[in-house]
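> Sequence plus the predicted model coming up.
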Amino acid sequence: MDLKTKYLGLELKNPIVPSSSPLMANIDAVKRLEDNGAAAVVMYSLFEEQILQEQKALDTFLSQGSESFAEALQFFPQPEEFHNLHAEDYLEQIRRLKEAIDIPVIGSLNGVSAGGWMEYAQKIEQAGADALELNIYYIPTDPKMTAAEIEQMYIDDLKQVKKVTNIPVAVKLSPYFTSFANVAKRLDEAGADGLVLFNRFYQPDIDLETLDVVYDLEFSNSYELRLPLRWIAILYGKIKANMAATSGIHTAEDVLKAVMVGADVAMIASVLFQKGPRHIGRMLNDIQSWMEAHEYESIEQMKGSMSLKALHDPAAYMRANYMKTLQSIS
């Protein structure tokens, strides 16, 4: 079976790519990912706030306005929480990984506002990264801020990063846009080499006894893949940018579904913490077995075969399925 695929101009041996996570901070762990078949890895994120802290600006930035309610202070990370995260250490880790492994290393830059911190995109390239993932993690809370302003912010961030880099740049997005297809198209036109669908927002809880904000990370499950599947199927053939499916990929079947709707790669994280790096090898074996049983010779042969590219009116198709699902309950 030919499992090769292309993503961000990179020739990958298969479509399974471990996504941004703390695993990338450990070189031995990354080596085990490579040994078990990972086609590339995405570095853990370098945050805008880390860079601002090193510029002595983080404390003021985070604390502004938070004194209005004592409880509100708990929603913001304190400067000391970033003590073990330094921008130069991040760049050095990329250099170490490039020396230790043979598969591509994709950097990850996480931020919101346009500014000097974006110059680190160039430093990530100089450190040896083969590509860059721009992770724009933003929850708009100002009711005066319009959808158009938010969308333009994403476009401007991408253009700023593209100005200072020569390596391919993918944009990691949330699905929460008024017209996601339009945003994807505009990012494509603005020069995005790839789109990563979707960013997984972490939802804090509240402890009613201590009145503390509780940050409780729950791993994903395969059900969460349905949202990326829908939008990749809709966008396939309508944009030039590569697409990566992320959130909810745990099995070989999940990878196959992602490829069939049009994804170039399937990114995994939660399942690696739950089942370890050897699970990549099991997934690859299961993918090959399925392809053999269904007479597929390559990943490229099946890519996009279950997308909505051939439909004249995908919106009508989606609405018809929506009505059919509701009627099936009764």
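Right, received. Where do you want to start?
> the strands in the protein, which residues?
For the chain, the strands defined by DSSP state E occupy 5-7, 10-12, 16-18, 41-42, 46-47, 105-110, 131-135, 169-173, 194-197, 205-207, 212-214, 242-246, 265-268.
> Residue 117 and residue 170, how far apart?
18 Å (CB to CB, to the nearest Å). To be clear about C-beta, it is placed using only N, CA and C from the backbone, and glycine gets the same treatment.
> The two: which is more packed in?
The residue with more neighbours, out of residue 117 and residue 170 and counting by other CB atoms under 10 Å, is residue 170; that gives 27 against 22.
> Any chance you could list what contacts the helix of greatest length in the chain?
Determined from DSSP state H, the single longest helix within the chain is helix 147-164. With contact meaning CB atoms under 8 Å, 6 or more residues apart in numbering, helix 147-164 is reached by 109, 111-114, 118-119, 121-122, 132, 134, 136, 138, 140, 169, 171, 173, 177-178, 183, 186-187, 190-192.
> Among the residues you listed, which are located in helices?
Under the assignment DSSP H, these contribute 121, 122, 183, 186, 187 to helices.
> JSON lines for those, including neighbour count, pLDDT and distance to residue 326?
Listed next are these as JSON lines, based on neighbours: other CB atoms under 10 Å; pLDDT from 0 to 100; distance: CB to CB, whole Å:
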{"residue": "121", "neighbour count": "24", "pLDDT": "93", "distance to residue 326": "45"}
{"residue": "122", "neighbour count": "16", "pLDDT": "94", "distance to residue 326": "51"}
{"residue": "183", "neighbour count": "20", "pLDDT": "97", "distance to residue 326": "28"}
{"residue": "186", "neighbour count": "17", "pLDDT": "98", "distance to residue 326": "32"}
{"residue": "187", "neighbour count": "24", "pLDDT": "98", "distance to residue 326": "33"}
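> with the residues you listed in mind, which one is nearest to residue 16?
residue 187 (24.5 Å; CB to CB).
> pretty sure the closest one is touching residue 194, no?
No - Residue 187 is beyond contact range of residue 194, at 9.7 Å (criterion: CB atoms under 8 Å).
> Pull up the overlap in contacts between the two.
171, 241.
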